[in-house]
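1. Predicted model follows, preceded by the sequence.
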Amino acid sequence: MLSLLFIAGGLALELFANLVSGPVQRFLDRLPGWLYPVALVALLAVAVVVTFSYERSGRRPDRPARRADETPTATARRADRPKDGAWSARRPDRRTLVRAGLGVAVAGVAVAAAPKLLTRRGAPQSPAGANGWTQRTLKPSASDRSDMVELAFSPDGATLATGLRSSGLVMLWDVTSRARVILDSPGGARAVAFSPNGARLATMPVNTDCFHREPVLIWDIATQRKVASLAGNMLGGSVAFNPAGTVLACGYHSDCDDDRSGGPGVVELWNVSTRKRTARLTHPAMVARCAAFSPDGRTLAVGGGPRRSTGTDSIMLWDPGTRQHLATLSHPDMSVLRVAFNPAGTALAGAGFGTDDTGVVMLWDPTTRRNTATLTEPASLVQAMAFSPDGRVMATALVGGSGHDGAVVLWDIATGTKVATLVHVGDPAVTSVAFSPDGRTLATGTSRAAVHLWTKPVTG
């Protein structure tokens, strides 16, 4: 019976822990790692001691009073005789019941906390993989095993921001120690972006309809608190700071203010200091799934796909200062999911997929607006891509076909050849990629709520 109480207590406390996972997790994440196994051993020791005490007090037979004509030996024999085939156990007193309750609570905590206390935040570094790359794995969530991850490095490379699309959690990871801080983001995170100085983090919610709108949030990294809520236009796609950090561009799939069923896409420009919207960029054929500023801040590239049969997939170039539409870079039969400028601003990439289920990355010259190269990957979808800090390598995140693992392909931009392929065993899709500022680490997020930190091999 007591064992059943322990199990019930553990399940009840596990449910309670899930309900208050945010505050509890934030508290646990601040504790040193060595304290976890010590706390677990202490909990189990208390549970054993209290349980033993309860068993002794509850199963000791009653000692009857000695009769006047009875010897002490006869009294002892009479007390040891079973009554009706069973022990005549005395009823535990109030102190014993309190000890039993404490035992149930402590054992329940031990049962509920054991997996959390013994599981490290990150797995140990794995053996060398393809081309000498090694990896470490972070688990933003132990319960949500099928949640897409978005991520971004801070400008100094010390912090990695990860957002789960459906779990409503945004986490800040210390890249060296793998300690984390949880930010409670009710709308999840469809996209995350650091400000150029690293002091702010913008998160785009995962809004799926025009009737329930969560705002874009801006967080203060030092205090881990929300400093702004920008009531956007739905349905969320991307966030991007300009190089000066003064403007935040929020791209939306459709303009819910114009058409409750979903109209043309829109990009809203917000003044970061005043937290006021300064402009809305719209075009009849634009679907703003993704957006990126050029390194000089003079061009905003917006990528998307056709919403109507008359539209074509395109990347639209805008002047964020004058709010003028500069040009449209079109590619038939291709859905653009991500856009990015190289660090020098001499190349613009659009990534997505074609009608024949081929992953495609188009490279454009932003000045002449000519297509300079095309990278393809058969039987896949390019979900995300990123340039290395020196601009020589591009990482493309692939969604594998049925029964295949997701992978990241590293391309040499100058030659258009593959440098390495990093396979994510057990993960069918890689949803995001980001290089650290020094180029030594590549972070990848997957559809199984995992983050992999790949370390570049040292070459002579």
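-> Great, that's in hand. Residues are numbered from 1 along each chain as shown.
2. Now do residue 396 against residue 270, distance only.
-> Per Cβ to Cβ, to the nearest Å, residue 396 is found 30 Å from residue 270. Where C-beta positions appear, they are placed from N, C-alpha and C, glycine not excepted.
3. Between the two, point out the one with more neighbours.
-> More neighbours surround residue 396 than the other of residue 396 and residue 270, with 26 against 23 (other Cβ atoms under 10 Å).
4. Is the more buried one in contact with residue 380, as I believe?
-> No - Residue 396 is beyond contact range of residue 380, at 9.0 Å (criterion: Cβ atoms under 8 Å).
5. For the two, list the residues in contact with both.
-> Each of residue 359 lies in contact with both residue 396 and residue 380 under the rule Cβ atoms under 8 Å, 6 or more residues apart in numbering.
6. Show me the shaky parts of the stretch 1-150 of the chain.
-> For the stretch 1-150 of the chain, the stretches with pLDDT under 70 are 1-131, 140-146.
7. go again using 80 as the cut-off
-> 1-132, 139-147 (pLDDT under 80).
8. Which residue ranges of this structure form helices?
-> Using DSSP state H, the helices of the chain run over residues 2-19, 21-29, 35-59, 72-80, 94-118.
9. neighbours of residue 243, just the number please.
-> Residue 243 has 14 neighbouring residues, counting by other Cβ under 10 Å.
10. residues in contact with it?
-> 196, 293, 295, 296, 297.
11. again, but for residue 278
-> With Cβ under 8 Å, 6+ apart as the criterion, the residues that contact residue 278 are 247, 269, 270, 271.
12. so the last one sits right up against residue 249, yeah?
-> It stands for residue 271. No - in this structure residue 271 lies outside contact range of residue 249 using Cβ under 8 Å: 11.5 Å.
13. neighbour-wise, which of the two wins?
-> Ranked by neighbour count (other Cβ under 10 Å), residue 271 and residue 249 place residue 249 first, with 25 against 13.
14. What's the separation between that one and residue 417?
-> For residue 249, the distance to residue 417 (Cβ to Cβ) stands at 33 Å.
15. And for residue 329?
-> Distance from residue 329 to residue 417, by Cβ to Cβ: 24 Å.
16. And those two? Which one has more around it.
-> Higher neighbour count among residue 329 and residue 417: residue 329, with 22 against 9, using other Cβ under 10 Å.
17. Now do the contacts for that one.
-> Residues counted as contacts of residue 329 (Cβ under 8 Å, 6+ apart) are 314, 315, 316, 317, 348, 350, 362, 364, 369, 371.
18. and these, which are buried?
-> Among the contacts of residue 329, the ones that count as buried by 16 or more other Cβ atoms under 10 Å are 314, 315, 316, 317, 348, 350, 362, 364.
19. Tell me which of those residues fall in strands.
-> Among those, the members found in strands (DSSP state E) are 314, 315, 316, 317, 348, 350, 362, 364.
20. what about the closest residue to the second one other than its chain neighbours, distance to residue 150?
-> Here the nearest residue to residue 315 in space, its sequence neighbours aside, is residue 329; by Cβ to Cβ, 6 or more residues apart in numbering that works out to 4.3 Å. Going from residue 329 to residue 150 by Cβ to Cβ gives 25 Å.
21. Point out where the stretch 251-400 of the chain drops to low pLDDT.
-> For the stretch 251-400 of the chain, the stretches with pLDDT under 80 are 253-264, 284-285, 304-313, 330-334, 354-357, 379, 400.
22. For it, which segments count as strands?
-> Secondary structure of the stretch 251-400 of the chain (DSSP state E, counting those that start in this stretch): strands at 266-271, 276-282, 290-293, 300-304, 314-319, 324-330, 334-341, 348-354, 359-365, 370-377, 381-387, 393-399.
23. Of the ones you listed, which is nearest residue 448?
-> Closest to residue 448 of the strands of the stretch 251-400 of the chain is strand 393-399 (Cβ to Cβ; 12.3 Å).
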